[in-house]
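Undergrad: Have a look; sequence and predicted model below, questions after that.
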Amino acid sequence: MGYIVKKSLIYIQIPLLYISYYIFKLFVKKEMNKWVIGVDEVASNIYFISNVLRPSISVSLSQNIFYNIEYDFSLNIQNRYLNFIVRFFYGPILLGYLANNSTHFLYIWRTGFLFDRDIEFKFLKSINKKIVCLFVGSDIRSIKLTIDHAKKNSIDTHANYVATNQLTEKYKRKVAESADKYADLIFNPKIDQISYLKSAQYGWYYMYDKNKFFKNNSKFNNLETIKILHSPSNPIPKGTQLVRAAIKKLQIEGYKFEYIELMNVKNDVVLNHLRTSHIVLNQFYAFLPGLYGIESMANHTAVLMSADPDIETTLPQDSKDAWMITKYWEVYDNLKYLLDNPEKIKYYADNGYEFTKKYYTYEAASIYMNKVLKENGVID
């Protein structure tokens, strides 16, 4: 729905919010340090964080087609227009209820319960709520600033292949200004997701359930047919064109391997392939591993990706050889190296598995999150 339409409808949502808030105030019992985690799911972050911050309420007001996850409050409506109509009423009413029984709100992505998050933030701060923002990529990343950074450092960037305009930049500047004004804490990797934010920004530790870690040593006993997996959520920014070029050249040169490319499939399907894959070609323009990179290492594969702790310093600095750092111009060379030196495949798979287990379990992420929250006065 258009920006102008949403701006007009917000003046109906505001009275709905206040009516809901004061009605629920009559009989809803307030709980101290109760988190609300929401409101649009991206890479299972709502689900993961709600398992770390306790007590918490998980909210997802849009359907995620890749994961079968249950939330405390959700809208599982596939039709976008019907979702828009239901969310128009449901969002402010639900926020009025949650504002009575919760003290902390953690927002993932750039959206909120209302169609104007700035108004929502202003309301929450007026009733002394704590606000934490977690940005995850295109919600905050400025295409202009990304291109400027790439030119300054003489590198290519995915931003050169993404259409943008002044309206988009203006909107992202507004998202940043709102977070700067109202958020008590902001999680955002400063380089990978370069933005108009002026406040202090903290790196984000991905989370992965330790019960889903899967180590399969037996698949490395026979490397006659090496299985290579590429599963991009968005092919151009992830570098799929580079992957296909490298794969084609290696096939022409006579290398024998199995190459699987998955797009727009359920996470369960991806996981099944991960557990039998030897090499994962992740993404080649980003400076972070992304959830898929963590997931791949947790499932014992050798990962090639452009994530680089020397550039994105919010990454753990002992990540050397947890994955094979691969710039966009190195996809063919590094993949060829692993095919020529198959013993290195297990080397990277083992290192990545242990690295992920050290930093990206719920337990490890919980220690990091609570430390940062306490240091910034968000929790006691």
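TA: Done, it's in.
Undergrad: can you pull out the strands in the stretch 201-350 of the chain?
TA: For the stretch 201-350 of the chain, applying DSSP state E, counting those that start in this stretch gives strands covering 226-230, 257-261, 279-281, 302-305, 324-325.
Undergrad: out of those, nearest to residue 18?
TA: The minimum distance between residue 18 and these falls on strand 302-305, with 47.1 Å, by Cβ to Cβ. For glycine as for every other residue, the C-beta is placed from the backbone atoms N, C-alpha and C.
Undergrad: just checking, what packs against the closest one?
TA: strand 279-281, helix 290-298, strand 324-325, helix 331-340, helix 343-359 (3 or more Cβ pairs under 8 Å, 6 or more residues apart in numbering; DSSP states H and E).
Undergrad: Dump it to PDB, keeping only the CA atoms.
TA: Output of strand 302-305 as PDB, limited to C-alpha atoms (Å, rounded to 0.1, in the frame of the first residue of the first chain):
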ATOM      1  CA  ALA A 302      32.600 -25.500   4.400                       C
ATOM      2  CA  VAL A 303      31.300 -22.000   3.700                       C
ATOM      3  CA  LEU A 304      32.500 -19.500   1.200                       C
ATOM      4  CA  MET A 305      31.300 -16.000   1.700                       C
END
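Undergrad: which outside residues touch that strand?
TA: Contact partners of strand 302-305, identified using Cβ atoms under 8 Å, 6 or more residues apart in numbering, comprise 278-284, 286, 289, 293, 296-297, 323-326, 331, 334-335, 338, 344-349, 352.
Undergrad: Select only the buried ones of these in ChimeraX?
TA: Here is the ChimeraX selection string for the buried members of the contacts of strand 302-305, based on 16 or more other Cβ atoms under 10 Å:
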select :278,279,280,281,282,283,284,286,289,293,296,297,323,324,325,326,331,334,335,338,345,346,347,348,349,352
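Undergrad: Please enumerate the helices of the stretch 101-250 of the chain.
TA: Secondary structure of the stretch 101-250 of the chain by DSSP state H, counting those that start in this stretch: the helices cover 117-126, 143-152, 166-182, 235-238, 240-252.
Undergrad: What residues of the first one count as buried?
TA: What that stands for is helix 117-126. With burial defined by 16+ other Cβ under 10 Å, the residues of helix 117-126 counted as buried are 117-121, 123-124.
Undergrad: Ok, the third one next?
TA: Buried positions in helix 166-182, judged by neighbour count with 16+ other Cβ under 10 Å: 172-173, 175-176, 178-179, 182.
Undergrad: Would you reformat the helices of the stretch 101-250 of the chain as TSV and include mean pLDDT and distance to residue 359?
TA: Putting the helices of the stretch 101-250 of the chain into TSV (pLDDT from 0 to 100; distance: least, Cβ to Cβ, whole Å) gives the following:
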stretch	mean pLDDT	distance to residue 359
helix 117-126	98	30
helix 143-152	94	26
helix 166-182	95	25
helix 235-238	93	22
helix 240-252	98	26
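Undergrad: still on that earlier bit, switch the strands of the stretch 201-350 of the chain over to JSON lines; also include distance to residue 148 and mean pLDDT.
TA: Converted to JSON lines, the strands of the stretch 201-350 of the chain look like this (distance: least, Cβ to Cβ, whole Å; pLDDT from 0 to 100):
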{"stretch": "strand 226-230", "distance to residue 148": "29", "mean pLDDT": "98"}
{"stretch": "strand 257-261", "distance to residue 148": "32", "mean pLDDT": "98"}
{"stretch": "strand 279-281", "distance to residue 148": "28", "mean pLDDT": "98"}
{"stretch": "strand 302-305", "distance to residue 148": "23", "mean pLDDT": "98"}
{"stretch": "strand 324-325", "distance to residue 148": "23", "mean pLDDT": "98"}
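Undergrad: do you know which of those strands lies nearest residue 158?
TA: Residue 158 lies closest, by Cβ to Cβ, to one member of the strands of the stretch 201-350 of the chain: strand 302-305, at 13.0 Å.
Undergrad: so what's residue 192 closest to, chain neighbours aside?
TA: Using Cβ to Cβ, 6 or more residues apart in numbering and skipping residues adjacent in sequence, the residue nearest residue 192 is residue 287, 4.2 Å away.
Undergrad: so how far is residue 377 from residue 332?
TA: From residue 332 over to residue 377 the distance is 49 Å, taken as Cβ to Cβ, to the nearest Å.
Undergrad: Have a look at the two and say which one is more surrounded.
TA: residue 332 (18 against 10; other Cβ atoms under 10 Å).
Undergrad: List the contacts of the spatially closest residue to that one that is not a sequence neighbour.
TA: Sequence neighbours aside, residue 246 is the residue nearest to residue 332 in space, at 3.9 Å (criterion: Cβ to Cβ, 6+ apart). Residues counted as contacts of residue 246 (Cβ under 8 Å, 6+ apart) are 331-332, 335.
Undergrad: Can you tell me which of those is closest to residue 274?
TA: Minimum separation from residue 274 among the contacts of residue 246 (Cβ to Cβ) is found for residue 335, which lies at 17.3 Å.
Undergrad: Leaving out sequence neighbours, find the closest residue to residue 274.
TA: Nearest residue to residue 274 in three dimensions, chain neighbours excluded: residue 299, at 4.1 Å (Cβ to Cβ, 6+ apart).
Undergrad: Look up how far residue 213 lies from the one you found.
TA: Going from residue 299 to residue 213 by Cβ to Cβ gives 7 Å.
Undergrad: Show me which of the two is the more surrounded one.
TA: Higher neighbour count among residue 299 and residue 213: residue 299, with 27 against 17, using other Cβ under 10 Å.
Undergrad: No more questions from me, cheers.
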